[in-house]
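[1] my questions concern the predicted model and sequence given below.
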Amino acid sequence: MHVKKYLLKCLHRLQKGPGYTYKELLVWYCDNTNTHGPKRIIREGPKKKAMWFLITLLFASLVCWQWGVFIKTYLSWEVSVSLSMGFKAMDFPAVTICNASPFRYSKVRHLLKDLDELMEAVLARILAPESSQANATAAMNLSMWNYTPLVLIDERDPHHPVVLDLFANDPTGSASSSPGPRGACNAQGCKVAMRLCSLNGTSCTFRNFSSATQAVTEWYALQATNIFSQVPQRELVELGYSAERLILACLFGAEPCSYRNFTSIFYPDYGNCYVFNWGMTEKALPSANPGTEFGLKLILDIGQEDYVPFLASTAGVRLMLHEQRSYPFIREEGVDAMSGTETSIGVLVDKLQRKGEPYSPCTVNGSDVPVQNLYGSYNTTYSIQACLHSCFQTQMIASCQCGHYLYPLPRGQEYCNSRDFPDWAPCYLALRMSEAERETCIRMCKESCNDTQYKMTISMADWPSEASEDWIFHVLSQERDQSTNVTLSRKGVVKLNIYFQEFNYRTIEESAANNIVWLLSNLGGQFGFWMGGSVLCLIEFAEIIIDFVWITIIKLVALAKGLRQRQAQARYAGPPPTVAELVEAHTNFGFQPDVGHRSPDAEAYPDEQALPIPGTPPPNYDSLRLQPLDVVESDSEGDAV
Amino acid sequence: MAPGEKIKAKIKKNLPVKGPQAPTIKELMRWYCLNTNTHGCRRIVVSPGRLRRLLWIAFTLTAVGLIFWQCALLVFSFYTVSVSIKVHFQKLDFPAVTICNINPYKYSVVRDLLADLEQETRGALKSLYGFSEVKSRKQRDTESWSPAWEGVRPKFLNLVPLLIFNRDEKGKARDFLSLGRKRKISGNIIHKASNVVQVHESKKVVGFQLCPNDSSDCATYTFSSGINAIQEWYKLHYMNIMAQVPLEKKINMSYSAEELLVTCFFDGMSCDARNFTLFHHPMYGNCYTFNNRENETILSTSMGGSEYGLQVILYINEEEYNPFLVSATGAKVLIHRQDEYPFIEDVGTEIETAMSTSIGMHLTESFKLSEPYSQCTEDGSDVPIKNIYNAAYSLQICLYSCFQTKMVEKCGCAQYSQPLPPAANYCNYQQHPNWMYCYYQLYQAFVQEELGCQSVCKQSCSFKEWALTTSLAQWPSAVSEKWLLPVLTWDQGQQINKKLNKTDWAKLLIFYKDLNQRSIMESPANSIEMLLSNFGGQLGLWMSCSVVCVIEIIEVFFIDSLSIVTRRQWQKAKEWWARRKAAPSAEAPSGAQGQENPALEIDDDLPTFTSALSLPPAPGAQVPGTPPPRYNTLRLERTFSQQLADTRLPDEP
């Protein structure tokens, strides 16, 4: 009992709040809060009171709704972009140049000897079936042919297409090997296709082509891949174009440069490529001026006569501009430059800087992408192309057990070739056509947060001019070969000018559209606009809620006590309570028996009169104290009507 | 008593309408200033001294002014947009690619139709420039071009004569048909190039003359170069002739898909003529569109790079070129949206023969906000021009439709290079002898924006743009030429013995450089929430005011002040009435007027501020006997019950 008393005292002390009933509390709050509106509710007449009550309620709900809108906007992590354009001194881009032909034909002739003979026979068969009929095919190495042969599909009778092997030495084609139908077969009637069979020859698929040109080109490329993938990369490098042969002259701004300034990199499909200003070992070269005079000028010799005839049908230089320390995906992103011309390339650096999570899904260095970066061995930065290629190679190894020749190998794997992996070609083609596999790769790979693109403006002119042709070729030939004869021709030389445009950068930078300051000022603005409130008002409100809880606790305690007391009274029944007891009952703030009679109407009085009121209890000073001065003031004004 | 009445009475009893509590405006203002939630006003009232009071009035007024100014700025900048640029990496839809040979029809086929015109053109060349014989290809030499045309009456030159003008004697022209005979030119000379470049001082200027039927008001068009003059003149007659040829025949005269497209490769798969849809263009003949919507599935690319794009080899067939109509060789390519009309003559990219042209694409999508943010249209339905093209709306389509409609209106026939509006025919001499004059006049007006097309047509709100990077390489290379040309010839299905040149072919690669798609999106910079919260910020910053304050102001300054004023007036009128009544001859015209005002009825015997104080307490509110004061509740009762008692008074009669 002692503890309870102490607790009650504590409670009392803590609850030095604005009243002991909900109503008192509310009125006190409305009267004293800084939020606009509530004060009006209690200060006005009944009709206006109702109106003000509704208005306040409406505004409060408006504020809540709009706060919701703002918080939702904030949590959508939107970005705003700032775009800046202009000129500034920047690092010159890395320039990768490749010859369109991967190898020098004079050096790879021994490797491709069989294939070329086969190819020529195939062409002869397609173009003039009768005349080549007599040619003995026995001299050729037919093992390669039998692996993936080309077939003619005679579609003149659309319901019964006849499949003809180009060399009529297989038994299946013997039935239709009579020269009659074959002789008349041309492009309209016959289509060339590639037959892809699995190891035991049980399941065969045909890869159809709409034209013979395409069919033979694809077939040759497939066979050549087969051959080159068996040669170690060291030797392949030797077979390609060397830097000295390719790069005849180089000038960067006013500084002379030479083939020594180029870093060599080997591409399976373009042979030796050379990167200028890669920034791998030395610092990147800056360029502080726009215009041709301050850019990179190159004269290259592509040696068109030495092209591999069936592998490269386009002649020229493939070049690409890319960021320092990034891997050049020249096949995807390169552009061509023609021989016998001067190609001028004006560069605009287009930078995109993303904000990263949670604003936009991107990766800073690729460490959070679930694909092993196979280009990591080149010590280059992450890019989405690298990720996609690595992803494809991983899939290839998973399904075909060997890696594709065009992409780097993971540790301990081998490149595909028909000797060790006879099934690889159908497997590869199936994988390449598979849309689903590609989409998984796209889903897995993330964009890099800092993305740089080089926008090029390409223009061309004939070079060298007819008047200057003689001396230019003479000088260049002598410099390269120390010979007095002209060893160069218009078919081989390419001139390149790469320079910054007048405006050399365009940066798109993301920044958070809605930061916390934005959120707070808008929340404040809304609250202020509708109700004139601030954070202090929220604290007030919280305080009132705490008071509310207190009052509830007190009431519950009082209720329990009242119950017990009533029980006790019922037990006593006889003698009236003493004065001390009554005093105790009154000073106990929990003693509020008439909760139901709290209505503001004056009719309450008669009811209260009927209650048994004890003589003259001491005044309840505590509640007197709470009565603020201005209430009285306002009352007098309220009386004024 | 009806229940409705009862409820009414109850409402009247419980929620009485009270007038303002202050007796005068001054009192009201004072009360307002003391009790308002707006900061500043209280200071005006409670500040001691006149100087301070004035200062506070100045501060408050400045704050009010600032609020109005800033809020006006906010309102005016409400309809602004913010632009966001987004880049995503994703699978992209491949655009539609339209490929045309620059030459519209095979010359060998179309020659019969154009024989007369060709003869006259050659004749004109000979007499104007002394150009006697074309050393053209063998094939053409075999067909003898007889110089006997002079015997025939030239119909084309008669219709629209080519003329030589002497610079120094303007207005006089020489018809080369009747050399020597000077022809007086009446009418205006319109120099085709005069507003573009200053023409160098050459003696002779070539042009042609267009006359309406009655031949009184001729317009003469001159050109700075004879090449332009002859080509324009030829084109005019060419359109005239072709307008009379039915469409099926024209399609047959042009190149077939199998002829034009030798090989086709898309995304590692072989494709052929069936993947292309025919699109007949009046000036370019048969064009073929790849990846059109015809077969309902739009192809897409999931890898960047030339391997995964479209690769075609085109057969250009230089031999079949029309020597006067086109002077360039090659093909034209246009990359566009599937539902877009290919304006190949306006925005195509030309590709060269004996070259491999790589076109790398970058996709940029733009979305603009329509009204009220900017003048653009979502689908063209709100533009008052009927779309005569079978394609989605674009500004170009709108302009051409507008011109064509005007042409049909003014000239009675439609221009050949644009589609036909319903119930109209293409122009030709037989039916519309003076259409050319009409057309040139109209075209002039169109270019000078006199037709109003430019102001009516709006740009569309969203568009896709493919930024192209074009690069060239030699193809076929010197060493591969030997085997590639025969195979291509075989593919083409030609006789093998016929030697085809490498300039008869062109290779084209179209691909996405990477799968990054840029979207430029406009979004409203301000939402209504933002505007309100900015208002709130301004109001709160300067005066700690809110909408509640605004309502207060309305209440006090408009409703209360007005009722006080009317009450004052009413009392004055009553006093005056009373005085009048005291006088013997008293009529009550004003009282009747006052009675008609229902708003004043309640105010009838409203107590004023001071009189209310001296009123006896209401009987209902009588405090019973002497109950022990329950101070706690007493305070509450007073705020409500005293007022109630107060307001109940006026209801009692």
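    Everything's here; your move.
[2] now do the residue of the stretch 251-400 of chain B found nearest chain A, the pLDDT please.
    Closest contact between the stretch 251-400 of chain B and chain A, by Cβ to the nearest Cβ, is at residue B:305 (3.2 Å). Any C-beta I mention is one placed from the backbone N, CA and C, and that applies to glycine too. Listed pLDDT for residue B:305 reads 84.
[3] tell me who's in contact with it.
    A:329, A:331-333, B:511-513 (Cβ atoms under 8 Å, 6 or more residues apart in numbering or on different chains).
[4] just among the residues you listed, which is most surrounded?
    residue B:512 (25 neighbours; other Cβ atoms under 10 Å in any protein chain shown).
[5] restricted to strands, list the contacts of residue B:305.
    B:511-513 (DSSP state E).
[6] contacting residues for the residue lying closest to residue A:225 once chain neighbours are set aside?
    Nearest residue to residue A:225, sequence neighbours excluded (Cβ to Cβ, 6 or more residues apart in numbering or on different chains): residue A:405, at 5.0 Å. Under the criterion of Cβ under 8 Å, 6+ apart, the neighbours of residue A:405 are A:225, A:228-229, A:268, A:415-416.
[7] the strands in the stretch 501-650 of chain B, which residues?
    For the stretch 501-650 of chain B, the strands defined by DSSP state E, counting those that start in this stretch cover B:505-524.
[8] separation between the residue in it that chain A sits nearest to and residue A:521?
    As assessed by Cβ to the nearest Cβ, chain A sits closest to residue B:536 within the stretch 501-650 of chain B, at 2.4 Å. Going from residue B:536 to residue A:521 by Cβ to Cβ, to the nearest Å gives 10 Å.
[9] the more surrounded of the two?
    Neighbours per residue (other Cβ under 10 Å) separate residue B:536 from residue A:521, with residue B:536 holding more: 28 against 15.
[10] per-residue pLDDT, that one?
    Confidence score, pLDDT, at residue B:536: 87.
[11] any idea how far residue A:522 is from it?
    If you go by Cβ to Cβ, the gap between residue B:536 and residue A:522 works out to 9 Å.
[12] look up how far residue B:289 lies from residue A:230.
    Counting by Cβ to Cβ, the gap from residue A:230 to residue B:289 is 44 Å.
[13] scratch that, residue A:430 is what I was asking about
    30 Å.
[14] so for these two, which sits in the more crowded spot?
    Taking other Cβ under 10 Å, residue A:430 and residue B:289 do not tie; residue B:289 has more neighbours (21 against 14).
[15] follow-up on the earlier one: so who does the residue of the stretch 501-650 of chain B closest to chain A touch?
    So residue B:536 contacts A:524-530, B:546 (Cβ under 8 Å, 6+ apart).
[16] now swap in residue B:552 and tell me
    A:40, B:32, B:36-38.
[17] which of those sits closest to residue A:63?
    residue B:37 (15.6 Å; Cβ to Cβ).
[18] right, and the helix or strand after the biggest strand by length in chain A?
    Identified as the longest strand of chain A according to DSSP E is strand A:493-512. Per DSSP states H and E, the first helix or strand lying C-terminal to strand A:493-512 is helix A:516-531.
[19] which strands or helices does that next one pack on?
    Counting contacts by 3 or more Cβ pairs under 8 Å, 6 or more residues apart in numbering or on different chains; DSSP states H and E, helix A:516-531 packs against helix A:46-75, helix A:535-572, helix B:528-543, helix B:547-553.
[20] got the contact list for the residue nearest to residue A:474 when sequence neighbours are not counted?
    Setting aside the residues directly before and after it, residue A:474 is nearest to residue A:486 in space (Cβ to Cβ, 6+ apart), at 5.9 Å. Applying Cβ under 8 Å, 6+ apart, we find residue A:486 in contact with A:473-474, A:477.
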